[in-house]
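**Student:** Sequence first, then the predicted structure, then my questions.
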Amino acid sequence: MRIIIFLLLFPASLFAQRSNILQKDYLIACGDNKVIIIDPAKSTEASPFIVWQWSVAEATDLPVAYHKLMATLDECKPVMQNKKLLLTSSGGATILLDIDSKKVTFYGRTPMAHSADVLPQNRIAVANSTHPAGNSLEIYDINMPEKVIFKDSLYSGHGVVWNEKKNLLYVLGHSVLKAYALKEWKSVNPKLKLVKQWTLPDEGGHDLYMIDPNNFIVSTHHNVFRFNTKKETFDVFMPLADKHNIKSVNYDQKTNRLVYTIAEKSWWTNHIYSTQPDMRVHIPDIKLYKVRVVR
């Protein structure tokens with residue numbers, strides 16, 4: 001009887017809604033102070049099919065000062081088995097948001113955050129750029145908001161990806177790609193050791209996306225490259241010769257398509273593009289910078 005009552009109180013539609021939020025092949029887009037998750041299969045160029053959305057104004061558990069800092073969202077990355085979103089803002093902050101509860105579980109004040117990722121021991125790496133106090137790679141502990149526990153210089157950081165298989169942190173700058181190893185990581189003062197760095201074939205690194213542990217996609221002002229970690233080579237991944245200022249890139253192996261954004265108005269766009277098959281979705285009322293595929 002208790003089971004029947006429970007099911008009556010929590011209809012099946014609620015469970016379906018929650019599971020759909022985490023469904024693979026959805027796209028997560030962010031801009032201004034808003035994040036939306038869309039189903040590309042049901043979206044059209046004229047209208048996105050939104051399955052979930054959130055705005056900074058809803059974050060009543062976030063210090064008021066952060067609301068202004070989060071007004072220009074840059075990257076929205078699904079982390080922790082797609083249960084949380086790691087949000088960075090060029091306004092000057094990074095937060096970790098629970099998708100189901102919409103509660104903020106971490107916040108860090110950074111100079112001009114462009115990208116971040118979760119590392120072992122509940123630590124977060126954030127790449128900053130284009131700010132007098134910026135141009136750095138910073139490490140935070142999820143349990144200690146605002147406290148930087150490691151910092152390294154980095155020119156115009158735009159992409160951060162933790163490669164668990166290789167136990168390396170890859171970080172994209174303006175013209176270089178760097179690989180860091182974890183050092184003294186279980187201590188209260190962890191460090192990153194620069195293992196190697198590579199010069200990009202084209203300046204203006206914008207986004208870094210891992211296809212698999214041995215292959216990354218790197219976008220620059222005018223090109224999209226595949227970086228092979230074993231051969232240590234950059235090869236043109238998918239020619240986009242007619243495109244400029246490519247901001248974000250994702251590769252969907254299931255559909256063999258590149259999902260990307262390009263600057264249309266100054267540094268931002270209102271569209272999500274893809275190749276094979278061709279797709280273009282208009283995202284109204286958002287100055288979109290990056291888009292992420294739920295994996």
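**Tutor:** Received the coordinates, thanks. Numbering: from 1, shown residues only.

**Student:** which residues of the stretch 51-200 of the chain fall in helices?
**Tutor:** With DSSP state H, counting those that start in this stretch as the criterion, the stretch 51-200 of the chain has helices at 64-69.

**Student:** Leaving out the residues flanking it, which one is nearest to the residue nearest to the spatial centre of the chain?
**Tutor:** For the chain, residue 77 is the residue whose C-alpha lies nearest the centre (Cα atoms, centre = their mean; 3.3 Å). Spatial nearest neighbour of residue 77, chain neighbours left out: residue 86 (4.7 Å); criterion: Cβ to Cβ, 6 or more residues apart in numbering. (C-beta placed from N, C-alpha, C; glycine too.)

**Student:** Over to residue 95?
**Tutor:** The shortest distance from residue 95 to any non-neighbouring residue, by Cβ to Cβ, 6+ apart, is to residue 107 (4.7 Å).

**Student:** Flag the shaky bits of the stretch 151-295 of the chain, pLDDT-wise.
**Tutor:** 241-242 (pLDDT under 70).

**Student:** how about the strands in it?
**Tutor:** Ranges of strands in the stretch 151-295 of the chain, per DSSP state E, counting those that start in this stretch, are 159-163, 168-172, 176-183, 191-199, 207-212, 215-219, 224-228, 233-236, 246-252, 257-262, 271-274, 279-282, 288-293.

**Student:** Any chance of those strands in a markdown table with mean neighbour count and distance to residue 147 as columns?
**Tutor:** Conversion of these to a markdown table gives the following (neighbours: other Cβ atoms under 10 Å; distance: least, Cβ to Cβ, whole Å):
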| stretch | mean neighbour count | distance to residue 147 |
| --- | --- | --- |
| strand 159-163 | 22 | 19 |
| strand 168-172 | 24 | 19 |
| strand 176-183 | 18 | 18 |
| strand 191-199 | 14 | 15 |
| strand 207-212 | 20 | 26 |
| strand 215-219 | 24 | 30 |
| strand 224-228 | 20 | 33 |
| strand 233-236 | 14 | 36 |
| strand 246-252 | 23 | 29 |
| strand 257-262 | 23 | 33 |
| strand 271-274 | 20 | 35 |
| strand 279-282 | 17 | 39 |
| strand 288-293 | 26 | 26 |
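
**Student:** The ones you listed into TSV, with extra columns for distance to residue 122?
**Tutor:** Formatted as TSV, the strands of the stretch 151-295 of the chain follow (distance: least, Cβ to Cβ, whole Å):
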stretch	distance to residue 122
strand 159-163	12
strand 168-172	15
strand 176-183	13
strand 191-199	16
strand 207-212	20
strand 215-219	24
strand 224-228	28
strand 233-236	33
strand 246-252	25
strand 257-262	29
strand 271-274	31
strand 279-282	34
strand 288-293	21
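
**Student:** Of all the ones you listed, which one is nearest residue 38?
**Tutor:** strand 279-282 (6.9 Å; Cβ to Cβ).

**Student:** helices or strands up against the closest one?
**Tutor:** strand 271-274 (3 or more Cβ pairs under 8 Å, 6 or more residues apart in numbering; DSSP states H and E).

**Student:** so what strands line up beside the strand it packs on?
**Tutor:** strand 257-262 (antiparallel), strand 279-282 (antiparallel) (DSSP bridges).

**Student:** would you list those in JSON lines and tack on distance to residue 141?
**Tutor:** Below are these laid out as JSON lines (distance: least, Cβ to Cβ, whole Å):
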{"stretch": "strand 257-262", "distance to residue 141": "31"}
{"stretch": "strand 279-282", "distance to residue 141": "37"}
